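Q: coordinates only, sequence not included:
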């Protein structure tokens, strides 16, 4: 008490009044502050995470000289490297060896697939430098040393000095681990054909170039060029030059970062965060500003006599205005502070989650000063603006007018009263209807707030459903195989028979995969062209109406997103350039479109592709249906079989994908759902609370006249219930529109969110909002129980 | 409610014994009623006089079921109001009491007709709103909202609202307090008319000693007690009241 007294003693009388007003309206103030906090925290979270991810990525790439372009070839002589370095725009270029390997794990009997990459022995690489977390790089002249991807090492408890054996190009090799490393190319370290990184199932090793080339029998050659470009370089022209220079060496087609899987995943994440930051905070801050306007208008109305008195005693308009703006500022500052703290906390949590999937050496949530400045300015502007609007008119009143109570509200003037004249309506309902018609602005605020909250909630839940449908479509409808195996190189028909005879394999369907470039007019897309046999059941494409699309005897099937990017469609012809083998160029007709949610697809008949390639009847791998009981044995067997490049089981992929969705996206969506409920609570509580204050005398009179608490509550809460009924369809509609926007904006090269408007979801979202409305109503309802009947009759 | 049956004579409308009402506790306690004993017979028009703070409004509030006594008994037709629960008091107000307030307390969003209908919808054997409004001379203003009516008209709507349920008692707290004399006369005439036509026991609180002339009985409050009760042998007409 002493502290409070001395604190109050230090502030002026108007400020004391302001503080006491604030304490008096604390619950309303907190409800508004929470809504503002919601907007501020989402804004700070998204902009801060975007800044953190981009800054971290930029710094990491810059420090470790991340490549701009990758140019894989079958085999090229090292002599070519100097020529390639002369291409205009190339700042640095390294030729390296990169092979698929099978790693035999020391601890378990298990084997996993991975890759090994060469590092220059005589100089530090000018592209793609490794980040050594522990230990050192292989020493020069020590052919039996290697470094290993830190995550993989940790997952298998591999430490410095441990021996690892692996098989590269048919030779078994044993090396000693000298370092655990991270690589800018492997931020999202994902095995070919997988959707989510799995550090247990995919390992990457690096060895000195001489040692690796000797092991593989590739002295004097390289199979991949990695480049950094100068700032002014033209990417398409560099890619074109590389492809033509390397064509003779089996160039599969050079590509830049946007086609680099690891980087594309990070970019997709950043884009999603941006979308979130664009849509969600304005809704919160808008609602917050409207609430400030409504609540402060009401407060000013109640305090009209006090304003008149202050002015009569000589306080200036400006002083009175500042008095109220300070109150608004206090609410805004509370919201801002809570939002910033919430945003930072949430940002740190999210950064922790990201680091589990994105392998950066560090990832600190650190919003830029600009991010803070923006949230501060935007929330101050909206809140103080709304406050000013609410206060201005009353402050300008002359003192005598202000001290006279405002005239009783005249209900006769409101348009639309006729509809409330119907005799069959009971008087309480009539009062509710007229209240709404008389103050349409307020009704609009309540309806708008409830609808906005519902819309956010719907969009969030629809996104979750969309993810569920995406997963169900990919794993349930399109890909019904249990495992997929690819060969190190295309093999003849006996390979399929071998596969079918492997114990544990119940069925196998062949596929051929060739990298190709699709051209249609000026648009070009790099794709992995897949070819399957007619009647394939294990991996299918599904069209928009849910039917499976079989590869046609001639022509091509494209996924809708690819068709859109290439501006083509069924019946149109596009150019197809294979970037393997004899590199045939042909024109093919697009015969049908398919709908894929994860990745893109270009599909043709395996016979047709083999004829085009002219390599005979060969396959690249097989989709397998396996016996669940023998899955572990089968995995080991396939991994250890010669000539198998990758083996991927679908069930663990699905589990990993679901875990990622649940952890990363699920957590944030849950928080947004809570925030959405906060809007409803803020709006409805404030609206009912104001209505109660204004009509306290009316409600007390009704109690005196013999109306029960329930009947009186009906008049107060019936209004908000009715407005809620109006808001529900509006909110559902707006939620669907917002979902469409999110689905469009969140989609990327990697995935597209299907729109799934499930009635159950709509009902769930509506029920949550209805629950929040009831809760807010009940909080105010308590006041009806304690209403002072006598007091209400004393005043005019 | 506890039934108490009087041993002799007809039931009074109200029988009040040793009524005390203390607000607050300890040194800040204020004793608004310090032991009131009074009987009010059925059908009478009673005017209650007294200075501000004399306890007359507190008395009316307790008798009307809006407030509860600290001590003592209030019997309404033999039923003890001081022992009634909140919902029993609500029921009592709904069935038996017609209130008229100084500031009318009409619902601004309802027309005159609708304000009356608000009560007739929950009453047992009500008049029609038309009849109730005719009784106070407002047949031609039924479709007007409170904001479109003068103070006197609003108060007459309030009287019509009170009377429409055919109450057993009419409780009026300063019904003419906010009105000029000409309007005040009309309101008193309306109250008298209601008292005569439906036979409701009517209690009117007023500052205005002149109003007492229209009453069957006058009760004077002072310092939380009844200082004087007198029967008026020849009540005069409201139009003859000196303001």
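A: Thanks, I have it. A quick note: this is a predicted structure, and the numbers were derived from the prediction, not measured.

Q: only C-alpha atoms for contact and neighbour calcs from this point on.
A: OK.

Q: show me where chain B has strands.
A: Remark: strands assigned in chain B by DSSP state E are B:14-23, B:30-40, B:45-50, B:71-76, B:79-80, B:97-100, B:169-173, B:201-205, B:217-222, B:225-231.

Q: equivalent analysis for the stretch 51-200 of chain A, please.
A: In the stretch 51-200 of chain A, the segments counted as strands under DSSP state E, counting those that start in this stretch are A:69-77, A:90-96, A:98-104, A:111-119, A:131-135, A:145-149, A:163-168, A:171-182.

Q: chain B is nearest to which of the ones you listed?
A: strand A:171-182 (72.5 Å; CA to the nearest CA).

Q: need the next SSE after that closest one, C-terminal direction.
A: Once the chain leaves strand A:171-182, the next helix or strand it forms, by DSSP states H and E, is strand A:202-208.

Q: tell me the strands beside that following strand, with direction?
A: Partner strands and pairing direction for strand A:202-208 (DSSP bridges) are strand A:111-119 (parallel), strand A:145-149 (antiparallel).

Q: now do it against strand A:163-168, angle only.
A: For strand A:202-208 against strand A:163-168, the angle by axes from the mean of the first three to the mean of the last three CA atoms, to 10 degrees is 90 degrees.

Q: so which elements touch the helix or strand following strand A:202-208?
A: Note on strand A:202-208: by DSSP H and E, the next helix or strand toward the C-terminus is helix A:209-216. Applying 3 or more CA pairs under 8 Å, 6 or more residues apart in numbering or on different chains; DSSP states H and E, we find helix A:209-216 packed against strand A:111-119.

Q: re earlier: and the strands of the stretch 51-200 of chain A, which is most packed in?
A: Among the strands of the stretch 51-200 of chain A, ranked by average contacts under mean count of other CA atoms under 10 Å in any protein chain shown, first place goes to strand A:145-149 (a mean of 27).

Q: not counting its own residues, what contacts that strand?
A: Contact with strand A:145-149 is made by A:136-139, A:175-183, A:203-208, as judged by CA atoms under 8 Å, 6 or more residues apart in numbering or on different chains.

Q: adding mean pLDDT and mean neighbour count as columns, could you present the strands of chain B in JSON lines?
A: Shown next, in JSON lines, are those (pLDDT from 0 to 100; neighbours: other CA atoms under 10 Å in any protein chain shown):
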{"stretch": "strand B:14-23", "mean pLDDT": "94", "mean neighbour count": "19"}
{"stretch": "strand B:30-40", "mean pLDDT": "93", "mean neighbour count": "18"}
{"stretch": "strand B:45-50", "mean pLDDT": "95", "mean neighbour count": "25"}
{"stretch": "strand B:71-76", "mean pLDDT": "94", "mean neighbour count": "21"}
{"stretch": "strand B:79-80", "mean pLDDT": "92", "mean neighbour count": "18"}
{"stretch": "strand B:97-100", "mean pLDDT": "91", "mean neighbour count": "28"}
{"stretch": "strand B:169-173", "mean pLDDT": "93", "mean neighbour count": "26"}
{"stretch": "strand B:201-205", "mean pLDDT": "95", "mean neighbour count": "25"}
{"stretch": "strand B:217-222", "mean pLDDT": "95", "mean neighbour count": "21"}
{"stretch": "strand B:225-231", "mean pLDDT": "94", "mean neighbour count": "15"}
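
Q: make JSON lines from the ones you listed and add distance to residue A:711 to it.
A: Converted to JSON lines, those look like this (distance: least, CA to CA, whole Å):
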{"stretch": "strand B:14-23", "distance to residue A:711": "29"}
{"stretch": "strand B:30-40", "distance to residue A:711": "32"}
{"stretch": "strand B:45-50", "distance to residue A:711": "32"}
{"stretch": "strand B:71-76", "distance to residue A:711": "25"}
{"stretch": "strand B:79-80", "distance to residue A:711": "26"}
{"stretch": "strand B:97-100", "distance to residue A:711": "18"}
{"stretch": "strand B:169-173", "distance to residue A:711": "23"}
{"stretch": "strand B:201-205", "distance to residue A:711": "27"}
{"stretch": "strand B:217-222", "distance to residue A:711": "36"}
{"stretch": "strand B:225-231", "distance to residue A:711": "37"}
